[in-house]
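Asker: Structure of the sequence below:
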Amino acid sequence: MRYSRIFISFLLLGFFLLGGTLSAQIKILTIGDSTMANYDEDKNSGEKEMRGWGQMLPLFLTGDIQSVNAAKNGRSSKSFYYEFWRNLRNSLKPGDYVFIQFGHNDEKAAGQDTDPNDETGRGTAAWGQYQGYLQRYVDESRERGAIPILFTPIVRRLFNENNQITGQGLHSLTELAPDDSTMNYPMAMRSLARDLSVPLVDMTLLTQQVVLEYGAEKSKEIIYANNDNTHLKAMGGILYARLAVEDLMRQGILTNYLTLSSDINIKPVEWDFGSQFLGRSTVKMFTLQGLNLNPKSGTVKLSIESPFELLASKSGSPQKELSVSYTDGNLSYPVFVRFNPDKAKNYEGNLLLSVDNKVYQKIGIKGAGLSVKDAQKVQTDWSVNLRESLLTANNIAVKAEVVGLKFVDKNNDVLLTTLDNKWPVGDIDLNASRYLELAISAPRGTFYLDSLSFEMGALGGKYMTFTALASLDKSFAESEDIAVMDDLPNEKFKTYTFNKVLKIPQGETFYIRFYPWYKMEADDKYISIRNVKIQGLLFEK
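Answerer: Predicted structure coming up:
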């Protein structure tokens, strides 16, 4: 029996693992924007399903190679360079590969360069700063002995009246420069690749061909996210990762480490639940995915070892085995794993994937039970006048900071808006220079965060959107999703939660950032956050 591919895709990477196998000798570092980035599968599924093609790339890797997806939402070639590139560059070693895809957010300043002294500015001109920063990535990768490869940006699903992709969809701002290539970002990247003798994968051309072949309706159904025409569904991420791999193989690049074969594959091969309090359980989600399966119908069997359990739904009954059937040659099925420790010790087990009673692969799963003995239960409620800047209660300190935003008093409430009270045109994702940050620390001991919740809403319009991220790293180079591109209700509040046992040692800080944007140019639009609740256990020295 032949299977074209069956994938189990995990994105529960935590704060310390960006993807792949840590012991690999060769590394692929992927840098870029939200169309390439990682998304938490649990929070970005169903109607909000979203994946980056860099997230799906490990499904096509084989052998001793590590995949590190460092792509970040909302970044351009310029802003990524100053936020993240230095540490990433220093991690490179001879023989590593750097996959570079920028363009979507470089267009933010209507095709013009931003102030060269402003490291937070995203906009670049195609033949100006855009080429300049791409060349920096290339030159500095080569200085480390790494091999850079340029990838033109994937197309936006924007059709004109002739059922062709528009100039904006092809990242050529013909609406602003209709008679020349002044604002053609893919052309600028192709030219630079020739000048620097850098391999190039023309994702703009490749994805244009696929979208035109699928057509407007089918490309939306299968490839692009429900809420916009830029970001990708899981299947879109897989299709576009496959396009990239096919072209790399055509060029003879990494052929010993890339595969389009029929092997069943599970990535990654290890999964760490972290710590959990005794008597409490943690549920994580992964997606069982298959593409172009042969035979076109069949059953995949999953089995797991104690104390880990399988669930058919997040609130379903625990099982040790689970069978998943598929038809039409494709499979996309959410599966949940629960960790419920009953002893204060380290646990290890395996998740097995079987077809026709044959075990094709196993995933190592581990977690740790955490005793609550000698711990102080802590709950801090901040009904939030964020202007107070710092709250210290129950041995927990919470500090608030705003960047690119300001507080205003309106309707007897403290709200947030932009510095000039105007929301810019064209935002469909976070702006890294505009956020509210909460910094949580425990001055007197080690704090294990168990639960965080808050209420958030909008005032003045129904198109306010935000992303909230959490990190133990002030730079947010490694982060977890709390909410991604979530629409805020107007004149109402919505409750958000983050449930994970997270260790915050004395002297360290846990950060939460709220990045708001409005989906159109507007003024007098506001956000409000209230009832921030922090719960966990404090172990004092």
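
Asker: quick one: low-confidence parts of the stretch 1-150 of the chain?
Answerer: Scanning the stretch 1-150 of the chain for pLDDT under 70 picks out 1-24.

Asker: Strands of that one, start to end?
Answerer: In the stretch 1-150 of the chain, the strands defined using DSSP state E, counting those that start in this stretch lie at 6-9, 26-31, 65-69, 97-100, 147-151.

Asker: who touches the last one?
Answerer: Going back to what we said before, that points to strand 147-151. Strand 147-151 is contacted from outside by 32, 95-101, 134, 137-138, 141-142, 189, 192-193, 198-201, 203, 244, 248, 253, using C-beta atoms under 8 Å, 6 or more residues apart in numbering. All C-beta atoms are positioned from the backbone trio N, CA, C, and that covers glycine.

Asker: Turn the strands of the stretch 1-150 of the chain into a markdown table, columns for distance to Glu478 and mean neighbour count.
Answerer: Output for those, formatted as a markdown table (distance: least, C-beta to C-beta, whole Å; neighbours: other C-beta atoms under 10 Å):
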| stretch | distance to Glu478 | mean neighbour count |
| --- | --- | --- |
| strand 6-9 | 19 | 24 |
| strand 26-31 | 14 | 23 |
| strand 65-69 | 10 | 22 |
| strand 97-100 | 18 | 24 |
| strand 147-151 | 22 | 24 |
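
Asker: Indicate which one of the ones you listed is closest to Lys503.
Answerer: Nearest of those to Lys503, taken as C-beta to C-beta: strand 65-69 at 23.3 Å.

Asker: Direction included, what does the closest one pair up with?
Answerer: strand 26-31 (parallel) (DSSP bridges).

Asker: Tell me what angle the partner strand forms with strand 147-151.
Answerer: Relative orientation of strand 26-31 versus strand 147-151 (axes from the mean of the first three to the mean of the last three C-alpha atoms, to 10 degrees): 40 degrees.

Asker: could you pull out the helices for this protein?
Answerer: Using DSSP state H, the helices of the chain run over residues 53-56, 77-80, 86-90, 131-143, 185-196, 203-222, 234-250.

Asker: Could you point out which of those helices sits nearest Ile527?
Answerer: Ile527 sits nearest to helix 77-80 of all the helices of the chain, at 22.1 Å, using C-beta to C-beta.

Asker: Check which helices and strands that closest one is in contact with.
Answerer: If you count contacts as 3 or more C-beta pairs under 8 Å, 6 or more residues apart in numbering; DSSP states H and E, helix 77-80 packs onto helix 131-143.

Asker: ok, back up a step: now list the buried members of the contacts of strand 147-151.
Answerer: Taking 16 or more other C-beta atoms under 10 Å as the criterion, what is buried in those is 32, 96-101, 134, 137-138, 141, 189, 192-193, 198-201, 203, 244, 248, 253.

Asker: Look at Pro94 and say how many residues are nearby.
Answerer: Neighbours of Pro94 under the rule other C-beta atoms under 10 Å: 9.

Asker: Report the contact partners of it.
Answerer: Counting by C-beta under 8 Å, 6+ apart, Pro94 touches Arg144, Gly145, Ala146.

Asker: what's the closest non-adjacent residue to the second one?
Answerer: When you say that, I think you mean Gly145. Using C-beta to C-beta, 6 or more residues apart in numbering and skipping the chain neighbours, the partner closest in space to Gly145 is Pro94 (3.0 Å).

Asker: Can you report how many residues neighbour the closest residue to Thr166 other than its chain neighbours?
Answerer: Distances taken as C-beta to C-beta, 6+ apart place Leu158 nearest to Thr166, at 4.5 Å, with adjacent residues excluded. Counted with other C-beta under 10 Å, residues neighbouring Leu158 total 16.

Asker: quick one: Leu158 and Ser172 touch, right?
Answerer: No: shown here, Leu158 and Ser172 do not form a contact pair, counting by C-beta atoms under 8 Å, at 11.7 Å.

Asker: Now do Leu210 against Ser219, distance only.
Answerer: Actually, residue 210 is Val. It isn't Leu. As judged by C-beta to C-beta, to the nearest Å, Val210 and Ser219 stand 8 Å apart.

Asker: Mind checking which of these two has more residues around it?
Answerer: Comparing Val210 with Ser219 by neighbour count (other C-beta under 10 Å), the higher total belongs to Ser219, at 21 against 18.

Asker: which residues does that one contact?
Answerer: Counting by C-beta under 8 Å, 6+ apart, Ser219 makes contact with Arg157, Val210, Val211.

Asker: Which pLDDT value goes with the residue nearest to Trp271 when sequence neighbours are not counted?
Answerer: Once flanking residues are discounted, Trp271 sits nearest to Ile365: 4.9 Å by C-beta to C-beta, 6+ apart. Note on Ile365: pLDDT of 93.

Asker: Could you check how many residues crowd around Ile365?
Answerer: Applying other C-beta under 10 Å, I find that Ile365 has 21 neighbouring residues.

Asker: ok, back up a step: can you report phi and psi for the residue nearest to Thr166?
Answerer: Dihedral angles of Leu158 (phi, psi; degrees, to the nearest 10) stand at phi -120, psi 110.

Asker: ok, it - contacts?
Answerer: Taking C-beta under 8 Å, 6+ apart as the test, what Leu158 contacts is Ile165, Thr166, Gln168, Gly169, Asn229.

Asker: Now flag whichever of the residues you listed is closest to Ala126.
Answerer: Set against Ala126, the nearest of these by C-beta to C-beta is Gln168 (13.2 Å).

Asker: Against Asp427, how distant is the closest one?
Answerer: In terms of C-beta to C-beta, Gln168 sits 15 Å off from Asp427.

Asker: same thing with Thr255?
Answerer: On the measure of C-beta to C-beta, Thr255 and Asp427 end up 40 Å apart.

Asker: between the two, which one's more packed in?
Answerer: A count of neighbours by other C-beta under 10 Å puts Asp427 above the other of Thr255 and Asp427, at 20 against 11.
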